[in-house]
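A.B. asks: Make a model of this:
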Amino acid sequence: PLVVQGNNRSAANFIVLAPGVTTGGGGNPFDARVNGGMQMGDEAVLDGVTMQQGLMSQSGMVSIGNDYPMTPEVTAEVTLLTSNYEPQYGSTTSGVITAVTKSGTSAFHGELHEYLRNTRLNARQWGIDFVPKDQENEFGGSIGGPVKGVPGLSRGQNKLFFFVGFDEWYI
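C.D. replies: Now for the predicted structure:
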């Protein structure tokens, strides 16, 4: 579900693979319904903070999948709570999508990525005499590790870590 195909990749899109989640046959995470609930009846929580937004109180896949997508490279965990959730998740009628971002560690780690789709790389579909135009590119990277050289925050039990990610998508 994370192929570069007309939009940014979002780690939250993996919830369409969970039991009880349907998309109406289209496979679009925006249309996800959890356990028969309403289309926008789910709630999204990022690092413990609700993603409820705006005049229409949109949350769930609208927020975490489309409006503020997080690539898998900066996401540590995505879970879907479908029943018996705590009272703090009171803005939902069907499920709660929770996501946790990565954090720095005592060693430096990083990555670079690029996902490219274009007409020259794509194969011709069966029964069509031409290759349809498709120009998409998503690239980015992330790095995390300890902050060194700050007095009082770099030694012993007092350690400071960082993690930064960047992702760009264009047609």
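
A.B. asks: Show me the strands in this protein, by range?
C.D. replies: Secondary structure of the chain (DSSP state E): strands located at 21-22, 33-34, 43-46, 49-50, 75-81, 96-101, 109-117, 136-146, 154-155, 158-159, 161-170.

A.B. asks: what's the first one packed up against?
C.D. replies: When you say that, I think you mean strand 21-22. strand 33-34 (3 or more C-beta pairs under 8 Å, 6 or more residues apart in numbering; DSSP states H and E). Just so you know, the C-beta spots here come from the backbone N, C-alpha and C atoms, and that holds for glycine as well.

A.B. asks: In terms of secondary structure, what does the strand it packs on contact?
C.D. replies: Against strand 33-34 (3+ C-beta pairs under 8 Å, 6+ apart) you get strand 21-22.

A.B. asks: Just checking: what are the partner strands of the strand it packs on?
C.D. replies: strand 33-34 (antiparallel) (DSSP bridges).

A.B. asks: how about low-confidence regions in this structure?
C.D. replies: Residues of the chain meeting the criterion pLDDT under 70: 1-7, 27, 54-58, 90-91, 153-158.

A.B. asks: nearest to Phe130, of the strands of the chain?
C.D. replies: strand 109-117 (16.3 Å; C-beta to C-beta).

A.B. asks: Relative to Phe163, how far out is Glu111?
C.D. replies: 12 Å (C-beta to C-beta, to the nearest Å).

A.B. asks: meant to ask about Asp31, not that
C.D. replies: 32 Å.

A.B. asks: who's more crowded, those two?
C.D. replies: Phe163 (17 against 14; other C-beta atoms under 10 Å).

A.B. asks: ok, now which ones touch Thr98?
C.D. replies: 44-46, 77-81 (C-beta atoms under 8 Å, 6 or more residues apart in numbering).

A.B. asks: typo on my end, it should be Lys133
C.D. replies: Thr119.

A.B. asks: all numbers from here: first residue = 34
C.D. replies: With 34 as the first residue, the last one maps to Lys166.

A.B. asks: Could you find the closest non-adjacent residue to Asp200?
C.D. replies: Gly173 (3.6 Å; C-beta to C-beta, 6 or more residues apart in numbering).
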